[in-house]
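Participant: Have a look; sequence and predicted model below, questions after that.
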Amino acid sequence: MMRQYELVDRVRKYNPHADEELLNRAYVYAMKAHGAQKRASGDPYFSHPLEVAAILTDLKLDDATIVAAVLHDTIEDTSSTREEIDQIFGREIGALVDGLTKLKKLDLVSKRAEQAENFRKLLLAIADDVRVLVVKLADRLHNMRTLHFVPPDKRKRIAEETLDIYAPLAGRMGMQHMRDELENLSFKTLMPEACAMIEARLADLRMKNVALISKIEDELREALSARGIVADVKGREKAPYSVWKKMERKSIAFEQLSDIFGFRLLVGSVEDCYRVVGIIHTKWPFVPGRFKDYISTPKQNDYRSLHTTVVGPGRQRVELQVRTEDMHDIAENGIAAHALYKDGRANDSDALSRESRAYRWLRRTIELLAEGDSPEEFLEHTKLELFHDQVFCFTPKGRLIALPRGATPIDFAYAVHTDVGNNAVGAKINGRIAPLLSELANGDEVEVAVAVGQVPPAAWESLVVTGKARSAIRRATRDAVREQYAGLGRQIVTRAFERAGKAFSDDKLKGALPRLARQNVEDMLAAVGRGEMFSGDVVKAVYPDFKEERKAGVAAQKSEAGWFGLKKAASLVFKVPGAEVLDDSQAIPIRGLGGDLPVRFAPNGGAVPGDRIVGILTPGEGITIYPIQSPALMDFDDQPERWLDVRWDIDEDRRDYFPARLIVTAINEPGTLGMIATVLGDASANIDHVEFISHSPDFRDIVLDIAVLDLAHLNGIIAQLKAKPVVSKVERVNG
Ligand code: MN
């Protein structure tokens, strides 16, 4: 176990101004607090916080961080309190230890599903101080180094968590060295055979190439010193886990890995980095496309270096990384390499000026939390950076649902289960009722309210972002529409059998399916409902001897007359008493028109207030008002000079009526037109003209020229008509 003076010496080595008395006080306090506690290894517990502190002295961290490491388990595992730590060591250290205590509690939560939740809280805790996270990583590293003393199942869980959460986080903070060690220790625990295999192959390769490697090192050193550059040349070997990952990712064998050996050249200045690459490229042919300049364009985590590959001594492909000592420090230790928390170098303006992107990233997130004081906002920004295209949300039971950015509670519901999505009727986000179309944010807890037997609105399809939700909605709406058509088809078919005086049952229909080339009854009825198949053909398929409907022409004529019981459509015209329909003789209430040109509505369908409208000028004739969605406007696309910008100018006190045209597709059945007339009468709308178009024995299209007050009035009428069981479709005709 590390002695008191050893700890002080380690710190003193990089920080001559270290507070020796503070370090000693922490050592004694923690030793007493942990007392006779033992670790799984049988060592005194106190050896653990000391080792964590030692790891952090290797990273040359400030006194407060080292002291916090020594004290990191005291509040959780001993009778110490936050107040006591504050009193003895000050509030800065108290806050660090407090943050670590919070994280320690999370380690006790053991289920894999909760790892991401841990991660979320872990990130939240950084808000207190980045140093909390650095100590936590060192704590995890020491626990991983001593993992073999822990029972096997717990061991596996800790290794998985390390690989899933802590190693990537170390990487994101630029702490490559920490990341490599965490990954390799996890790898060894989780896949001992694979790890041993790769380690053995690496050792074998190293042995075989020992002469070649030192030859390359020597040649590099000589070439550079001949040009007056002193470089620290080191053979570099890939870590077992990164070799494994590459083999997995590219599914290649160990022998096919080309970059197991590389060389790292550390030089004194940025200029030397470029000179070194120049010298090497002149001496050996370089491999095109492999030169990378991460000095002028650093990586996201502030990694800076020059990379190149040459065909070097012995015709061997050699990978080279060229960088300064400072760059190397950052490449290895990232956030921990920065001077800002280091007492000894805080005055070094050069060190301060190279504030890293990684540091800025972390500081920005901390500032955001400090300003907004909202964990949601903090999560939003941190995780955006870590996983910029994803959001992480939780079910009320704590299950993590990862979704693409922009996802809604509907996406969430479908991610939980297709049935939850299909039956979703509402959502609560973080306990508060929210629209199903809200955009979810990181950390949201989402509760979906369901009601059995719902059909998702088809419009959802274009509003969701996940493919799963989209295809499920498409399937559900298609099924629902099919069901509606099948219902309509059943009415038609039932009526047709009645007319024919023939018995009708689903079993009889089933027997006729092959003749109608349909898979099932539902399918066949839907085809009738859509008008793709005639009810008469269904009757004939069931009763091949049935003859009556053969005289199609006569039947159709008869049915049209019988259906409506009318001779002439025009006789149906009626007006709402007192409601005057605007005509050409009256002033059309539209603004934006100059002069005395005659104004009229589009001949086929008109326009009603609420429509966005356009005026089209016809020289010598006047101005025609079209709704903006009118297909007729396409004819004027290449004549912009004829387009007039017009607006409605409605007098609230008047009840003017405006022309609109509908096409109603309805089942060929007596009483249909009466029903339509009732709907329009109840809605106080005028019918100006009615026309029938027949396109099948089962359906009629009814063209209705009506007069309405405005778009809301018209839409209300359309909805009323659509709600009638005999109506299969209502469409507005636009100008
Ligand atoms: Mn610990």
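Facilitator: Good, I have the coordinates. Numbering: from 1, shown residues only.
Participant: Tell me where the stretch 101-250 of the chain has strands.
Facilitator: 232-237 (DSSP state E, counting those that start in this stretch).
Participant: Could you list the contact residues of it toward the ion?
Facilitator: Asp139 (C-beta under 5 Å from the ion). C-beta coordinates here come from the backbone N, C-alpha and C atoms, glycine included.
Participant: Run through the residues that contact the residue of the stretch 1-150 of the chain found nearest the ion.
Facilitator: Proximity of the stretch 1-150 of the chain to the ion (C-beta to the ion) peaks at Asp139, 4.2 Å away. Contacts for Asp139 (C-beta atoms under 8 Å, 6 or more residues apart in numbering) come out as Val52, Ala69, His72, Leu100.
Participant: Report the contact partners of the first one.
Facilitator: Meaning Val52. Counting by C-beta under 8 Å, 6+ apart, the residues that Val52 touches are Ala69, Val70, His72, Val135, Ala138, Asp139, Leu141, His142.
Participant: please redo it, this time with the cut-off set to 6 Å
Facilitator: Ala69, Ala138, Asp139, His142 (C-beta atoms under 6 Å, 6 or more residues apart in numbering).
Participant: Can you tell me the element it falls in?
Facilitator: helix 47-58 (DSSP states H and E).
Participant: Buried residues of that helix, list them for me.
Facilitator: Buried residues in helix 47-58, counted by 16 or more other C-beta atoms under 10 Å: Ser47, His48, Pro49, Leu50, Glu51, Val52, Ala53, Ala54, Ile55, Leu56, Thr57.
Participant: same check, this time on stretch 705-719
Facilitator: Asp705, Ile706, Ala707, Val708, Leu709, Asp710, Leu711, His713, Leu714, Gly716, Ile717, Ile718.
Participant: Tell me how many other residues surround whatever residue of the stretch 301-450 of the chain ends up closest to the ion.
Facilitator: The ion sits closest to Ala336 of the stretch 301-450 of the chain, with a gap of 17.8 Å, by C-beta to the ion. Neighbourhood size, Ala336 [other C-beta atoms under 10 Å]: 29.
Participant: What distance do you get for the residue of the stretch 1-150 of the chain closest to the ion to Thr162?
Facilitator: 11 Å (C-beta to C-beta, to the nearest Å).
Participant: How about the residues of this structure by the ion?
Facilitator: Asp73, Asp139.
Participant: Domain-wise, how is the chain divided?
Facilitator: 4-190, 197-337, 476-542, 554-648, 658-733 (automatic domain parsing).
Participant: Which of those domains comes out lowest on mean pLDDT?
Facilitator: Of all the domains of the chain, the minimum mean pLDDT falls on domain 554-648 (a mean of 63).
Participant: What residue in the stretch 601-735 of the chain comes nearest to the ion?
Facilitator: Ala719 (66.0 Å).
Participant: I'd assumed Glu731 was in a strand, is it?
Facilitator: Yes - secondary structure of Glu731 (DSSP: H, G, I helix; E, B strand; the rest coil): part of a strand.
Participant: Leu403 and Cys393, how far apart?
Facilitator: 7 Å.
Participant: Which parts of the stretch 351-500 of the chain are helices?
Facilitator: 357-372, 375-386, 409-416, 418-422, 467-500 (DSSP state H, counting those that start in this stretch).
Participant: which residues touch the residue in the stretch 451-600 of the chain positioned nearest to the ion?
Facilitator: Nearest residue of the stretch 451-600 of the chain to the ion, counting by C-beta to the ion: Thr466, 39.6 Å away. Listed by C-beta under 6 Å, 6+ apart, the contact partners of Thr466 are Asp411.
Participant: 577 is where my numbering starts, stick with that
Facilitator: Renumbered: residue one is now 577, and that last one reads Thr1042.
Participant: got the contact list for stretch 1190-1205?
Facilitator: Contacts for stretch 1190-1205 (C-beta under 6 Å, 6+ apart): 1173-1178, 1183, 1187-1189, 1209, 1212, 1218, 1220, 1222, 1310-1311.
Participant: Could you tell me which of these are located in strands?
Facilitator: Val1175, Arg1176, Phe1177, Ile1189, Leu1220 (DSSP state E).
Participant: CSV for the residues you listed, including neighbour count?
Facilitator: Listed next are the ones in strands among the contacts of stretch 1190-1205 as CSV, based on neighbours: other C-beta atoms under 10 Å:
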residue, neighbour count
Val1175, 18
Arg1176, 16
Phe1177, 23
Ile1189, 23
Leu1220, 18
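Participant: Closest one of those residues to Gly1007?
Facilitator: Of all the ones in strands among the contacts of stretch 1190-1205, Ile1189 has the smallest distance to Gly1007: 46.2 Å, by C-beta to C-beta.
Participant: Identify the residues contacting that closest one.
Facilitator: Ala1183, Ile1201, Pro1203, Val1222.
Participant: Surely Leu1092 is in contact with Lys1116?
Facilitator: No - the pair Leu1092 and Lys1116 fails to qualify as a contact (C-beta atoms under 6 Å) at a distance of 9.6 Å.
Participant: So for these two, which residue has more residues nearby?
Facilitator: Between Leu1092 and Lys1116, Lys1116 has the larger neighbour count (other C-beta under 10 Å), namely 21 against 18.
Participant: Surely the more buried one is in a helix?
Facilitator: Yes - looking at Lys1116 with three-state DSSP, it is inside a helix.
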